[in-house]
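**Student:** below are the sequence and a predicted model; questions follow.
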Amino acid sequence: MHERLKASAASYIDSIAQDLLRVSHDLHANPELAFEEFHACELLTATLEAYDLSPCGNVYTLETAFECEVSRGEDGPVVALLAEYDALPGIGHACGHNLIATASLGAALALAHVRDALPGTVRLLGTPAEEKGGGKEIMARAGAFEGVDASMMIHPFGRNMTSFPFIAYAQADVTYRGKAAHAAAAPHRGVNALDGLLLAYQGISNLRQHIRSTERIHGIVTDGGLAANIVPETAKGEFYVRAKDMDDLTALKRRVSGCFEAGAAASGAAVEVVWGEVDYLDLRTNWPLAVRFQANAETLGRTFFPLNELSGNATGSTDMGNISHRVPSIHPLLAAAPHDVAIHTPQFADYAGGELGDRAALDGAKALAMTTIDFLCSEELQKDVRRALEVSKGLA
């Protein structure tokens, strides 16, 4: 019976495709940074209301988060569909979050269309600040995933992939404070804060020679001084540290902190290191759920690239990793651009607002809806999904 439900959900998404794509294009044209996604939140909740649903905004401690539940009022499993909609500084939706939001929105609307025949509950969550800030972890701490039996989202990419080697991540904001002086008339009276930062940066560059292939460190100077003839009194930088899992991340953070301290010691400047409130965890893909997603997406004409053929250098991070440690989760990738177009580039942003992006949003909505139906209608799949999470936690 649930195959008919899946066909009905997919057909409904086709019938509302123009509405969904208007949302995607609107988000794309109005990119907003982490925790500032007010237009996106309003647009998505207004669209839900237009389809006679009742979303709630300003939830789980975040102004730009929202929640909307769909059910026929009976007990049963709960599936969370996650919508991201923050963008990147300067290059907008170069990660395609407009497509993520549209796919989850479309899936939720399709599931609402068949809700009378659907056991359980669908919880659409608008999750801000994936690019920076860890919105999902903040929401999880506030209870957003309590009672959730499975969590799903898609992410645009240059290939179709069931999973991806997402690793743990931490952010550090670093401030060096020295003493201003005239750089020509009295340089001996100054303490150069920029020297401290650049010495730390160079130390980190040297450290990169001696870290694992699964580890990454990268940073930028966000404040290097006011003028070349003033010894910089303040210098600031932002650094990202990544590792395979939380244990490796913790160890690497200590080594990076040593570089920051060394810059201070060598320059005489004081240093303040503020690590982000949220560390991103590695992604634990729930494979029974992921296999069902791939099968559903393949019925839409998508061919998946084998994970074991991916370049060993390919990696990234997502706060969906934090959720995957709590509840069974999938974060598959759908091609929204040619495979040689990298995400976080202006070129990918162009594709995210074009025809390939449109198709990814609609196919993502269909595959998410169909996989949700598979899960809610199959006690056997629910059992396999629960056991897979227990195995990933070492409990079975």
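**Tutor:** Structure received. These numbers were taken from a predicted model, which means no experiment stands behind them.

**Student:** per-domain residue ranges of this structure.
**Tutor:** Domain assignment of the chain by automatic domain parsing yields the ranges 2-166+283-392, 168-275.

**Student:** output those as CSV; include the columns mean neighbour count.
**Tutor:** The way it works is simple: take the backbone N, C-alpha and C, and place the C-beta from them, glycine included. Conversion of these to CSV gives the following (neighbours: other Cβ atoms under 10 Å):
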stretch, mean neighbour count
domain 2-166+283-392, 21
domain 168-275, 17
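
**Student:** can you redo these as JSON lines with mean pLDDT?
**Tutor:** Shown next, in JSON lines, are those (pLDDT from 0 to 100):
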{"stretch": "domain 2-166+283-392", "mean pLDDT": "96"}
{"stretch": "domain 168-275", "mean pLDDT": "97"}
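
**Student:** please enumerate the helices of this structure.
**Tutor:** 2-15, 17-29, 38-50, 97-113, 135-141, 193-207, 246-267, 287-298, 320-324, 346-352, 355-377, 379-392 (DSSP state H).

**Student:** so which of those helices comes closest to residue 237?
**Tutor:** helix 193-207 (5.3 Å; Cβ to Cβ).

**Student:** can you dump the C-alpha coordinates of that closest one into PDB?
**Tutor:** What follows is helix 193-207, C-alpha atoms only, in PDB (Å, rounded to 0.1, in the frame of the first residue of the first chain):
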ATOM      1  CA  ALA A 193      49.800  42.400  17.900                       C
ATOM      2  CA  LEU A 194      49.900  41.400  14.200                       C
ATOM      3  CA  ASP A 195      53.300  39.800  14.700                       C
ATOM      4  CA  GLY A 196      51.800  37.600  17.300                       C
ATOM      5  CA  LEU A 197      49.000  36.500  15.000                       C
ATOM      6  CA  LEU A 198      51.300  36.000  12.000                       C
ATOM      7  CA  LEU A 199      53.700  33.900  14.100                       C
ATOM      8  CA  ALA A 200      50.800  31.800  15.200                       C
ATOM      9  CA  TYR A 201      49.600  31.500  11.600                       C
ATOM     10  CA  GLN A 202      53.100  30.400  10.500                       C
ATOM     11  CA  GLY A 203      53.300  27.900  13.300                       C
ATOM     12  CA  ILE A 204      50.000  26.400  12.200                       C
ATOM     13  CA  SER A 205      51.300  26.300   8.600                       C
ATOM     14  CA  ASN A 206      54.200  24.300   9.900                       C
ATOM     15  CA  LEU A 207      52.000  22.100  12.000                       C
END
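
**Student:** where's it relative to the chain centroid, distance-wise?
**Tutor:** Centroid displacement of helix 193-207 relative to its chain, using Cα atoms, centre = their mean, to the nearest Å, is 29 Å.

**Student:** and what of stretch 265-275?
**Tutor:** Worked out by Cα atoms, centre = their mean, stretch 265-275 lies 31 Å from the chain centre.

**Student:** which residues are contacting it?
**Tutor:** Stretch 265-275 is contacted from outside by 170-178, 191-193, 195-196, 199-200, 235, 253, 257, 260-261, 263-264, using Cβ atoms under 8 Å, 6 or more residues apart in numbering.
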